[in-house]
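In: any chance you can model this:
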Amino acid sequence: MDETVDVDTLIDGLIEREGGYVANPADKGGPTRFGITEAVARANGYRGAMRDLPREEAAAIYQRIYWLRPRLDEIARRSARVAAELFDTGVNMGPAVAVTFLQRALTALNRNGKDYPDLVPDGRAGPQTLAALDAFMAIRGRTSGETVLLRALEALQGERYLRLAERRPANEAFLYGWLANRIGDR
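Out: Take a look at the predicted model:
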């Protein structure tokens, strides 16, 4: 694959989009800085005030928890665009949700198991998921296959945003921004 992913550039762009300190009472995630919630910061050893979370610590959390742990580095070896999409989705919805979207999309696109076996949507990018992605890309083609897979991932993401807003009216305050900033080209 000629494409490479500079995860530091992805993280920089994400931090830029997420902004600095926010404490919106309608946000169930509570106080955030650079998009890192207080719960995630605490779980990763940060003990200071959220408004003081260093950018470098936020970047390290993104790399470790949202890039390496869900094995997006492995996915990036197969498709930089898919890995970047999963990274952004995982930051917003959780890495397991993002990988589950990939597994669901790959299963739906496997022509009833003719191209590769169905996947169990467990949110882990293990050997079966990576093999399915390899097979999908080989059969469907790097350009058109990747585009269709990205559209499927974004459709799942958009549907989840709408469902979140329907189930919790306070989320309607975030829906426009989610759809404007998280779906499609950034």
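In: can you confirm T129 is in a helix?
Out: Yes: counting by DSSP: H, G, I helix; E, B strand; the rest coil, T129 is found in a helix.
In: what is the burial count for it?
Out: One way to gauge burial is a neighbour count; for T129, by other Cβ atoms under 10 Å, it gives 24. Yep, even glycine has a C-beta here, placed from its N, CA and C like the rest.
In: and what of R160?
Out: Count around R160 with other Cβ under 10 Å applied: 16.
In: which element follows the host helix or strand of it toward the C-terminus?
Out: If you go by DSSP states H and E, R160 is part of helix 146-167. Scanning forward in sequence from helix 146-167, with DSSP H and E defining helices and strands, the next element found is helix 172-182.
In: that older thread, distance between the helix holding R160 and the chain's centre?
Out: On the basis of Cα atoms, centre = their mean, to the nearest Å, helix 146-167 sits 11 Å off its chain's mean C-alpha point.
In: same check, this time on stretch 88-97
Out: Mean C-alpha position of stretch 88-97 versus that of the full chain (Cα atoms, centre = their mean) differs by 4 Å.
In: how close does the residue of the chain positioned farthest from its centre sit to A138?
Out: With distances taken from the mean C-alpha point of the chain and given as Cα atoms, centre = their mean, the most distant residue is K114, at 27.7 Å. Between K114 and A138 the computed distance is 14 Å (Cβ to Cβ, to the nearest Å).
In: with L109 instead?
Out: Counting by Cβ to Cβ, the gap from L109 to A138 is 13 Å.
In: just R167 next, same as before
Out: Using Cβ to Cβ, R167 is found at 39 Å from A138.
In: tell me what the least confident helix or strand in the chain by mean pLDDT is packed against?
Out: Each helix and strand of the chain was given a mean pLDDT (mean pLDDT, DSSP states H and E); the minimum falls on helix 172-182 at a mean of 83. Contact analysis of helix 172-182 by 3 or more Cβ pairs under 8 Å, 6 or more residues apart in numbering; DSSP states H and E lists helix 80-93, helix 146-167 as its packing neighbours.
In: please identify the deepest-packed of those helices.
Out: Between the helices and strands packed on helix 172-182, the one whose residues have the most neighbours on average, counting mean count of other Cβ atoms under 10 Å, is helix 80-93 (a mean of 22).
In: which one's more surrounded, L109 and A138?
Out: L109 (17 against 13).
In: who's in contact with the more buried one?
Out: Applying Cβ atoms under 8 Å, 6 or more residues apart in numbering to L109 gives the contacts D115, F136, R140, V148, L149, A152.
In: the fifth one contacts A105, correct?
Out: Yes: checked against Cβ atoms under 8 Å, the pair L149 and A105 is within contact range at 6.0 Å.
In: pLDDT score for M1?
Out: Among the per-residue scores, M1 holds a pLDDT of 44.
In: again with the one 10 residues further on
Out: According to the prediction, I11 has pLDDT 97.
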